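*Asks:* one predicted model, sequence on top.
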Amino acid sequence: MQTGKIKLTDNWVNYLVNMPESGMGYQLVRIFLKGGKVLKKHKVLNSSILVLEDDEKIELGDIEKIELEK
């Protein structure tokens, strides 16, 4: 299976670009979805590309909040 990717909106990019990196060129985040589900330890590349796990199917509009993993 191919891993999916979502290009984040400018609002999310502007938020993440001001947050620290978890590693070189990426951040580990929690994604809170509007339906109440929380996706943990997801990678965002260059503060702009959300990498989905195999078989995850979410749309950009499903995202309610993004937080850095602690």
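*Replies:* Perfect, thanks for sending it.

*Asks:* so where's the protein shaky on pLDDT?
*Replies:* Scanning the chain for pLDDT under 70 picks out 1-2.

*Asks:* could you redo the last one with a cut-off of 50?
*Replies:* Scanning the chain with the threshold set as pLDDT under 50 gives 1.

*Asks:* mind checking which helix or strand the residue nearest in space to the middle of it is in?
*Replies:* A centroid search over the chain (Cα atoms, centre = their mean) returns Leu50, at 4.1 Å, as the residue closest to the centre. For Leu50, the host element (DSSP states H and E) is strand 49-51.

*Asks:* what comes into contact with that strand?
*Replies:* The contact list for strand 49-51 (Cβ atoms under 8 Å, 6 or more residues apart in numbering) reads Thr3, Gly4, Lys5, Ile6, Lys7, Leu8, Val29, Ile31, His42, Lys43, Val44, Leu45. C-beta: built from backbone N, CA, C; applies to glycine.
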